[in-house]
Every structure is written in C-alpha cells, then in structure tokens.
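Undergrad: Give me the fold of what follows.
(chains A and B)
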Amino acid sequence: MRILGACKVSKEGVIVNNESKTELLASSDDWKKELYSSLKIDYPKFHKMDALAKMAFLSFQYLEQVIETDRFQDDEIAMLFANTYSSYDTDQKYLESYTVKGSPSPSLFVYTLPNILTGELSIFKKWYGENIFFIHENFDPEFFIDQINFYLSKGAKACLCGWVDAANENEECLLFMVDNTTGEITKDELLNYYKQ
Amino acid sequence: MGSIAKLERRMSQIYLSYGGLITPLGTTVSENFANMREGKSGVQKIKGSGFNKEDWPLGKMETLTSNNRYRELLNLTCEKLIEQNGEQLFSDPRTLIILSSTKADITDLPNDTFASTRQILNERLNPASAPVIISNACISGVLAINTASDYINAGKYDTVVVIGIDVLTDFIIYGFQSLFALSAEPSQPFDKNRKGICIGEASGTIIVSKHKPENLFHVEYLGGSSSNDANHISGPSRTGEGLYRSVNKTLQRSGINSFDIDFISAHGTGTLFNDEMESIAFDRLGLNNVPMNSLKGYFGHTLGAAGVIEIISTMLMMEHGLLLRSIGFEETGTSKQINVLKENIQKNTKVALKTASGFGGGNASLIIKKSV
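TA: Model (predicted):
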C-alpha cells in the first residue's frame, strides 16, 4: 500500500501533503464556512451538515485536488473512519434542543451518529464501497494500518481513511487515502500527518 | 472468484458460538429462546415514555433499575460472561474484545460517552489488548462480527469476543419520535399495516474464534461485507442498491450461490420505507421465496445490539431446527413478494443470511453455516 495524499483541516488552516495550503483569518468565527467559500464549489447540502461532516467534506475537496479518485470504480474505495468523541458536538446540541429549547430537533438528531459523515461523502461521490466507523481513545496509526490491510486484502482498491473529531471547541480532521500499490506505510508517516 | 473465496475460507475456518443474551425476554440464551418459541414479545407500552408523555411501546428491560441503565447492563453482561466462560478467555493475549454500540453511555453527557465503556470492559474483563469499539448506526453489530473475522483471518487474534449493546434513553426515544418514526402499537415489520419502529434495549455476545468450540453449539462464519446506499443520510434507498450490493459481495466472499441460502434474518424495522427497500433488494437478489423474519417484534429495534442479538437468535433457530415467525406480520405490505414467516416452522437450516441497514446509508450482511 501507498499513501496517495493526506489533508489536515482545522481552524489553523489547511495542510495538504505536509504543505500549508490555506491559512485562515484568525478573526473568522466560522472557519469551515470560510473554507467552503474559498473553494468556490456549489454544494448546498454542505450547509445542513454537522461539524464532523463539514470537516470531512472540506478535507476531501482538497484531497481531490491532488488525487485522481475517479480512476476507481464506484465500489472500490473503502471508507475507514474513527474518532474519540463520536458525535459529541451534535449530541450536545440535540440534547439542548429538548432540554432547553422546547422540542427535540429531528435535523440535529439524524447527525447524532458519527458515521453520517461517511454517508455524506458517499452521496457526494456516488460511492457504494464499504464503510466503517470506530471509536478510539487516541489517534492510533497502527490501528489504521491494520484496517487498511484488512480491506485491501478483501478486495478494495483504495481506502479513504479519516480521523475527524469535534468536542468542546476542539475540531480536527485528518483525511488520507491509500491504494493497493506495492509499498509500505509506516506509523511515523501517519503520525507526522496527524501532528502537522 | 468463487474458487478463491473457497480457498481463503479453508485457510482460516472461523466459528461463532453463544456468549450471552440479555433482553426483556431473559438474561440467558436459553431463557430468551424458550420465550421466543412461545411467541412472547418483550415489547410493551411504557407509560409516559414520550416527549409529550405518550405511552410508546418499547422493548424495556425490567431487570435494569439503576439510574444508569447502560453501565448497569454492561456490568451485568461482563459478570455473566465471566460466570459462563471463566476469566482466562478475556485476559488471554490472543483474545480481542470488540464492542458495538450506537450511543453507549449517552446519559453521561457532557462527559465522553464512550469512556465508561472502556473503563468497565478493562475493569471487568481485564483484556490484554485495548477493546475495539464500533459505532456505525444500526449496522454496527453485523460490522463487528465482520471485523472480528478480519482480525482472525489476518492472524492478529485467535478469538474475538463481540458484544453488542444499547439501552433505552430519552435521547433516543425523543429523537425517533421527532422523526415520526415510532409506532404507537407494537411494530409490524413487512406487514401492510406497519406504522414504524419500536425501540428496545439489549446486550448480546458472540464468541468468534478460529478454535472449534468442542461440545458447544457453533456455526461457521463464511463471509460478510458492507455497502453504502450513496443516496440519503436518514432514508433508505428506493432501489435497495446498497443492500443488494452488500449481499452480492457477501455471497461472493462466502463462495456460495444465492440458492444455497435457507433462511434470512432481515433487518425489518417496521417503517414503511425501510421494509419496502428490503423487499426490493431481496427481489433483485432472487431471494423472494427464502423464509425470512424480522426479530424486531420480539425485542424492538435495539440499534447497536440488533445485529448481534439477531445473529444469536438465528444460531438458536439453526440449532433447534425451528424458524421463528415474524411477530406482527399478517399480510404482505411490500411491493415485492417475499416469504415472511407467519408461523413457526420446523426446518433444518444449513445456511443463513443476516442483513442490516441503517442511518448514514449503511448496509451490512454476513452468511453463517451450520457445522456438520
């Protein structure tokens, strides 16, 4: 396996393949909206997404600038995602909808599952591949390497992997894509992408 | 492909056996099955359970009495596992624990809602490796068994203990209520009069191992897969595309043909769109005549536990040569004809298909075979 590209987005900015791509206005309240505007794409569904799905969507846009994903068939890419806090940010907002604001919000409730973001990416790309979402105490590169090996050996041609978390103002998202070309991925390589 | 799949299967034979089952119908596997074959349902109207104090029918466990049902159920699950299997299995360095849950300890907000899961598993079962947690909506349980087989096939572990668990909370009940997805009467999967879901709570445990469990009932795991609908985050595909693709992939990986399937444990939530979608997928797969049921009438929809407890129930049906009726089903209510069981039937089932579909557009499936 070989890493085709990696993209980290956060309120600090965007880093693609270890190179800083975009810096965000320090004053911006909504950095995700700012990034969306700067990308000049028209995808109204973006505005309905929760923080997790928005970050994954944005990061994926940058990845697609450096990776030719359309060379894969619509079911050849497995999506392997994980985080620590599940859908924490949306869980809190949905909880407030009925404890504080009067009634449970259906539009928030549907985002109270972390894997909704893989659904959003699948819809955006019309991808029918395998999906899975794990909850992990910390970003664990070895765990991702295991999962990538499992899915490539089961027949996937590539894996879109992600660590996307949103809890208590702390928002981070790393997406990376690997294919089944001969090669090795090291733990340090993934850790460097994560820590950058 | 068929021959390759068969070759792989020979290289690593994988067996599933009962770990435990705690539901409103009982706290052991055998107690649950005794009640299921009598046609008993664990779903009943719970007074004032709705956001506006409606009496929703729910699969609620009377045995849980503390103010944290999740921790109580997970502790009870671990206690029973040790009681029945001893401590050695769980602390063995060749054993991994995988837990499947959609919301875990959600009433613990604003704390980390999965922290207590790790803590309880580590304290109670003392595992050598950190447990793996899967949270992928209603297909989590089936994905957990598929992931267990991945770890064993790769030689990483010899045995994987898969726990599926979710409990009833206001969070979940109010959420499904806000989507108008709850049924005011016990749910009726695949029936003409179906009106929605009844939520339930349960835990189920399956021991997945490369070691053949001697003197214990077991089935062989043949293969599994998942596929996204790429259609909608909270509504099923109109064409059943994801489910269709997942079952096809699972058949291929299992090295068998669709006509080898003797029984289907469907997802069957009881909503108009989900059950219709499943009928379309099964029709496209040519599985119209295969006997099938939804077990949601027995337990309600137990979300992250559903896949696991329904695979356990399917194993029980295989063990006893008895296919259970689909509670709540009387008259076909899907556009495609499918063979939903109205009565219990005696049938020796060799090969069974389990399917699941859920929010986020996920679909998952797996195939198990009775060992001879």
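Undergrad: Could you report the pLDDT at residue 158?
TA: Answering for chain A, as no chain was given. At residue A:158, the pLDDT value in this model is 98.
Undergrad: could you do chain B instead?
TA: pLDDT, residue B:158: 98.
Undergrad: ditto for residue B:10
TA: pLDDT, read off for residue B:10, is 43.
Undergrad: Could you tell me which residues of the stretch 151-300 of chain B lie near chain A?
TA: B:151, B:153-154, B:156, B:170-171, B:174-179, B:225-234, B:241-242, B:245, B:253 (C-beta under 8 Å from any C-beta of the partner chain). Placement of C-beta: from N, CA and C, glycine included.
Undergrad: So which of those sit within strands?
TA: The strands, defined by DSSP state E, take in B:225-228 from these.
Undergrad: And the closest residue to residue A:23 other than its chain neighbours, its phi and psi?
TA: With C-beta to C-beta, 6 or more residues apart in numbering or on different chains as the criterion, residue A:23 has its nearest non-adjacent residue at 4.4 Å, and that residue is residue A:13. Dihedral angles of residue A:13 (phi, psi; degrees, to the nearest 10) stand at phi 140, psi -160.
Undergrad: Now the buried members of the residues of the stretch 151-300 of chain B next to chain A.
TA: Buried by 16 or more other C-beta atoms under 10 Å in any protein chain shown: B:151, B:153, B:170-171, B:174-179, B:225-234, B:241-242, B:245, B:253, out of those.
Undergrad: residue boundaries of the helices in the chain?
TA: Since you didn't name a chain, this refers to chain A. A:31-39, A:51-66, A:88-99, A:106-109, A:116-125, A:141-153, A:187-195 (DSSP state H).
Undergrad: was after chain B, sorry
TA: Using DSSP H, helices in chain B cover B:2-11, B:29-37, B:69-85, B:88-91, B:115-125, B:140-153, B:170-178, B:241-254, B:272-284, B:296-299, B:306-320.
Undergrad: okay if I get the ones you listed as a markdown table plus distance to residue A:149?
TA: Shown next, in a markdown table, are the helices of chain B (distance: least, C-beta to C-beta, whole Å):
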| stretch | distance to residue A:149 |
| --- | --- |
| helix B:2-11 | 14 |
| helix B:29-37 | 34 |
| helix B:69-85 | 29 |
| helix B:88-91 | 25 |
| helix B:115-125 | 24 |
| helix B:140-153 | 9 |
| helix B:170-178 | 35 |
| helix B:241-254 | 16 |
| helix B:272-284 | 30 |
| helix B:296-299 | 35 |
| helix B:306-320 | 24 |
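Undergrad: what about chain A, any weak spots by pLDDT?
TA: A:26-27 (pLDDT under 70).
Undergrad: Which residues are in contact with the residue nearest the centre of it?
TA: With distances taken as C-alpha atoms, centre = their mean, residue A:56 lies nearest the centre of chain A, 3.1 Å away. Going by C-beta atoms under 8 Å, 6 or more residues apart in numbering or on different chains, residue A:56 touches A:81, A:117-118, A:120-121, A:162, A:164, A:173, A:175.
Undergrad: right, and residue A:105 touches residue A:95 too?
TA: No: judged on C-beta atoms under 8 Å, residue A:105 makes no contact with residue A:95 at a distance of 10.0 Å.
Undergrad: is it true that residue A:153 touches residue B:155?
TA: No: using C-beta under 8 Å, residue A:153 is not in contact with residue B:155, being 11.5 Å away.
Undergrad: the more surrounded of these two?
TA: Higher neighbour count among residue A:153 and residue B:155: residue A:153, with 13 against 9, using other C-beta atoms under 10 Å in any protein chain shown.
Undergrad: What separation do you get for that one and chain B?
TA: Plainly put, residue A:153 is 7 Å away from chain B if you go by C-beta to the nearest C-beta, to the nearest Å.
Undergrad: Quick check: that residue vs residue A:191, distance?
TA: To residue A:191, residue A:153 is 24 Å away according to C-beta to C-beta, to the nearest Å.
Undergrad: Over to residue A:13?
TA: As judged by C-beta to C-beta, residue A:13 and residue A:191 stand 20 Å apart.
Undergrad: again, but for residue B:128
TA: To residue A:191, residue B:128 is 24 Å away according to C-beta to C-beta.
Undergrad: which residues does residue B:195 contact?
TA: B:183-185, B:187-188, B:270.
Undergrad: mind redoing it with 6 Å?
TA: residue B:183 (C-beta atoms under 6 Å, 6 or more residues apart in numbering or on different chains).
Undergrad: Next: residue B:87.
TA: For residue B:87, the contact set (C-beta under 6 Å, 6+ apart) is empty.
Undergrad: still on that earlier bit, any idea how many residues pack against the residue nearest to residue A:23?
TA: Residue A:13 has 15 neighbours, counted by other C-beta under 10 Å.
Undergrad: Just give the number of residues close to residue B:206.
TA: 29.
Undergrad: so who does it touch?
TA: B:16, B:19, B:162, B:308.
Undergrad: among those residues, which ones are buried?
TA: The neighbour count (16+ other C-beta under 10 Å) marks B:16, B:19, B:162, B:308 as buried among the contacts of residue B:206.
Undergrad: Relative to chain A, how far out is the residue nearest the centre of chain B?
TA: Closest to where the C-alpha atoms of chain B average out (C-alpha atoms, centre = their mean) is residue B:307, at 1.3 Å. Residue B:307 sits 13 Å away from chain A, taking C-beta to the nearest C-beta as the criterion.
Undergrad: is it true that that residue touches residue B:138?
TA: No: here residue B:307 does not reach residue B:138: they are 7.7 Å apart, not a contact under C-beta atoms under 6 Å.
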